[in-house]
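Asks: pasted the sequence and its predicted model underneath.
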Amino acid sequence: MVEYIGFFPVYGGAILRLGVLALCMTLILFSCATFQIDDPEGFAIESYGNDYRAVSPEGVQMRIRTEDARPVQSVEFWQEALIHQLLKKGYQPLNHREPLEIGGYSGWIIEWGVPYGEQDYIYMTAFVPYRDKVLVIEATGEHALYSLHRNALYASLKSLRIR
């Protein structure tokens with residue numbers, strides 16, 4: 001009797017079946033990722049398909065994901081939508097705003113200040129609309145800790161490539 005994992009016939013024991021299953025899952029996860037990035041120095045990484053997370057030992061975090069963007073809109077539309085939404089939630093734009101180019105697609109990086117309890121946090125948002133998606137990059141941390149890791153975050157961000 002031939003057993004199947006998905007569409008794949010499996011001959012033999014459980015180890016072969018687990019190996020085929022692991023190979024299939026790896027191919028599925030890596031084929032789904034639409035971007036590549038160099039990890040920020042000193043950060044622990046968790047990455048599954050189009051969801052990437054990096055965390056420093058002090059708790060500074062960076063997340064990258066893709067979102068569907070239909071109907072397709074301009075970079076100006078996304079910038080205005082982001083600014084409007086974060087201002088409405090009480091975030092204060094800082095003096096840092098710069099364009100971001102990834103693989104011929106244009107976007108923006110914007111840093112925000114936000115009080116949280118007794119501390120001030122920095123929240124960096126970046127976005128790049130491409131094809132019918134938007135690449136969303138977020139990083140946050142307590143002000144002093146974020147400042148400590150800012151160069152590593154930006155070096156990683158500048159290494160982003162869209163597949």
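Replies: Now that the structure is in, tell me what you want to look at. Just so we're clear, the structure is a prediction, and the values are computed from it rather than from any experiment.
Asks: in which helix or strand does the residue positioned nearest the centre of the chain reside?
Replies: Geometric centre of the chain, nearest residue: residue 64, 0.5 Å, by C-alpha atoms, centre = their mean. Here residue 64 sits within strand 61-68, counting by DSSP states H and E.
Asks: also residue 135?
Replies: Taking DSSP H and E as the criterion, residue 135 maps to strand 133-142.
Asks: which strands border that strand, and is each parallel or antiparallel?
Replies: Strand 133-142 has the following strand partners under DSSP bridges: strand 61-68 (antiparallel), strand 119-130 (antiparallel).
Asks: tell me the average confidence for the longest one?
Replies: With pLDDT averaged residue by residue, strand 119-130 scores 94.
Asks: please enumerate the strands of the protein.
Replies: Here the chain has its strands, by DSSP state E, at 3-5, 8-10, 35-36, 44-48, 51-55, 61-68, 92-102, 105-116, 119-130, 133-142, 161-162.
Asks: for residue 85, find the nearest of these.
Replies: Nearest to residue 85 among the strands of the chain is strand 119-130 (9.8 Å), distances taken as C-beta to C-beta. Where you see a C-beta, it was placed from the backbone N, CA and C, and this is true even at glycine.
Asks: buried stuff in that closest one?
Replies: The neighbour-count check on strand 119-130 (16 or more other C-beta atoms under 10 Å) flags 121, 122, 123, 124, 125, 126, 127, 128, 129, 130 as buried.
Asks: ok, now stretch 59-72?
Replies: If you call a residue buried by 16+ other C-beta under 10 Å, then stretch 59-72 has these buried ones: 60, 61, 62, 64, 65, 66, 69.
Asks: name the residues that touch that stretch?
Replies: If you take C-beta atoms under 8 Å, 6 or more residues apart in numbering as the criterion, stretch 59-72 is touched by 34-35, 37, 40, 43, 50-55, 78, 129, 131-142, 145-146, 148-149, 153, 156, 160.
Asks: are any of the residues you listed buried, and which?
Replies: Buried, going by 16+ other C-beta under 10 Å: 35, 37, 40, 43, 50, 52-55, 78, 129, 133-137, 139-142, 145-146, 149, 153, 156, 160, out of the contacts of stretch 59-72.
Asks: could you chop this protein up by domain?
Replies: Per automatic domain parsing, the domain ranges recorded for the chain read 1-32, 35-162.
Asks: if anything else comes up later, I'll come back, but that's it for now.
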